[in-house]
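# turn this into a model:
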Amino acid sequence: MLTPFTAEHEAFRKSVRAWVEKELTPHALEWDREGIFPRELFKQAGELGFLGINHDPKYGGSGLDFWFVTAFCEELSRSQNAGVNMALLVQGQMATPIINEIGTDEQKREFLEPALKGEKIAALGVSEPSMGSDVASMKTTARIDGDDYVINGSKMWITNGTRADFITLGVRTGEAGYGGISLVTFPTDVKGFSVSKKLDKVGNLSSDTAILFFEDCRIPRRYVLGTENEGFYSIMTNFQGERLVGALTAVAGMDRMVEDALRYGTEREAFGKPLLKFQVWRHKFVEHLTAIEAARRLAYHAVSVFDQKENAVKEISMAKLFAGDLAQRVAYDCQQFFGGMGYIEETPIARAWRDIRLITIGGGTSEVMKEILSKIYGF
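Okay, here's the model as predicted:
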């Protein structure tokens with residue numbers, strides 16, 4: 001099988017796996033039950049270079065290609081805790097890439113550099129109570145007052161929201177529609193900012209997800225990212241990296257679920273023989289392994305296009321759609337295979353089953369992916 005990974009990628013993968021298995025996996029159930037994980041993990045990940053993999057070395061990144069990010073996503077799946085994985089990926093691959101791409105040197109020094117070190121926690125603030133993927137409907141406003149913006153509104157479904165030190169924030173600075181949206185770096189110690197509520201989610205329990213409120217929050221206009229009123233385009237570009245990470249984590253998650261199931265199937269007996277000796281299960285897993293490999297190749301193709309800075313909207317949308325929908329079926333069958341053991345929190349498959357549900361929702365639903373693709377194909 002041809003592989004896109006070099007010896008350098010594999011050495012990096014090995015270091016990620018060692019950290020995950022030592023520092024994350026043993027605490028997976030504990031952190032889910034607590035509904036949070038230690039802030040120290042951000043600093044650990046930063047010191048190891050896991051938060052700035054493909055970011056500018058001038059500001060603490062490693063300047064590596066997206067195949068290193070791919071390896072990181074794949075090895076994170078071994079943590080058995082999707083909430084931790086999501087929080088770290090938001091920090092390194094969702095909230096900071098925009099600053100890395102279009103931020104000023106001053107913004108990068110103040111926000112990007114400490115985020116890549118894990119000294120400051122970052123969040124991405126785009127979704128609102130009345131809109132998710134429909135970015136053009138954004139209502140949170142930033143009114144110009146001299147050299148400042150005065151921000152009012154709210155954001156919802158914000159990962160890292162309860163303890164973020166800053167937010168890469170989408171705001172409306174102009175007319176209705178996509179033409180009046182800007183991005184700013186927003187420090188959360190500003191007067192008028194508050195966490196309205198920590199959301200009680202079905203899965204990804206250890207990641208803090210919040211509703212945020214902004215009441216006459218004043219920040220300097222120099223915190224605008226890129227050109228005022230052109231933030232929509234940066235948000236949509238950023239979505240591609242987020243969705244590609246979603247596809248990659250879905251594939252890696254399916255790998256782990258099937259591995260666990262096959263291991264269990266050789267140990268657990270029913271009616272005098274191992275579960276995997278039943279043809280119905282052998283055939284089902286062969287079908288899933290085939291489909292997972294197809295999902296992997298679709299995701300890898302998307303990575304290859306994205307890594308060349310080409311327009312990869314079609315490839316990424318397909319990869320997320322296919323992997324996300326497939327993951328629901330794989331998770332269902334793997335949990336069913338475990339029987340009663342698959343219905344208790346102590347068993348990783350139970351947590352994986354409820355956590356994987358987010359893949360078809362977060363970062364753009366499967367229905368949004370289909371709508372994007374239908375427009376690309378012109379129907």
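
# from now on I want contacts and neighbour counts done on CA atoms only, so please keep to that.
Noted.

# worst-scoring helix or strand of this protein, pLDDT-wise?
In the chain, no helix or strand scores lower on mean pLDDT, DSSP states H and E than strand 269-270, which sits at a mean of 84.

# per-residue confidence at M1?
Looking at M1, its pLDDT stands at 52.

# go on, K375?
The model's pLDDT for K375 equals 96.

# doesn't it lie inside a helix?
Yes: checked against DSSP: H, G, I helix; E, B strand; the rest coil, K375 lies within a helix.

# tally of neighbours for the spatially closest residue to Q107 that is not a sequence neighbour?
Setting aside the residues directly before and after it, Q107 is nearest to Y223 in space (Cα to Cα, 6 or more residues apart in numbering), at 6.9 Å. Neighbour count for Y223, taken as other Cα atoms under 10 Å: 19.

# got it, and G272?
7.

# same thing with T249?
Quick note: T249 (other Cα under 10 Å) scores 27 neighbours.

# then G340?
10.

# give me the helices and strands touching the longest helix seen in the chain, please.
Looking across the chain with DSSP state H, the single longest helix is helix 231-267. Judged by 3 or more Cα pairs under 8 Å, 6 or more residues apart in numbering; DSSP states H and E, helix 231-267 is in contact with helix 66-76, helix 82-93, helix 97-102, strand 181-187, strand 273-274, helix 279-307, helix 313-338, helix 348-355.

# CSV for those, including mean neighbour count and mean pLDDT?
Formatted as CSV, the helices and strands packed on helix 231-267 follow (neighbours: other Cα atoms under 10 Å; pLDDT from 0 to 100):
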stretch, mean neighbour count, mean pLDDT
helix 66-76, 22, 98
helix 82-93, 25, 97
helix 97-102, 20, 97
strand 181-187, 26, 97
strand 273-274, 14, 90
helix 279-307, 17, 96
helix 313-338, 23, 98
helix 348-355, 23, 97
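
# for D165, which of those is the nearest?
strand 181-187 (6.0 Å; Cα to Cα).

# the inter-axis angle of the closest one versus helix 231-267?
With axes from the mean of the first three to the mean of the last three Cα atoms, to 10 degrees applied, the angle from strand 181-187 to helix 231-267 works out at 70 degrees.

# mind listing the helices for the stretch 1-150 of the chain?
7-19, 28-34, 40-47, 66-76, 82-93, 97-102, 105-107, 113-117 (DSSP state H, counting those that start in this stretch).

# which strands or helices does the fourth one pack on?
Yep, that's helix 66-76 we're talking about. Under the contact rule (3+ Cα pairs under 8 Å, 6+ apart), helix 66-76 is packed against helix 7-19, helix 231-267, helix 279-307.

# show me how far that helix is from its chain's centre.
Centre-to-centre, helix 66-76 and its host chain are 12 Å apart (Cα atoms, centre = their mean, to the nearest Å).

# which residues are contacting it?
Applying Cα atoms under 8 Å, 6 or more residues apart in numbering, the set of residues contacting helix 66-76 from outside is 4-5, 9-10, 12-13, 16-17, 20, 50, 53-54, 85, 245, 248-249, 252-253, 303, 307.

# okay, buried residues for stretch 20-33 please.
Under the neighbour-count criterion of 16 or more other Cα atoms under 10 Å, stretch 20-33 has 20-21, 24-25, 28-29, 31-32 buried.

# still on that earlier bit, list only those of the contacts of helix 66-76 flagged as buried.
9, 12-13, 16-17, 20, 50, 53-54, 85, 245, 248-249, 252-253, 303.

# which residue, other than its chain neighbours, is closest to N311?
V305 is the one closest to N311 (Cα to Cα, 6+ apart), at 7.2 Å.

# can you give me the distance of the residue in the chain sticking out farthest from the centre to A261?
Relative to the C-alpha centroid of the chain, counting by Cα atoms, centre = their mean, G272 is the outermost residue, at 43.4 Å. According to Cα to Cα, to the nearest Å, G272 and A261 sit 19 Å apart.
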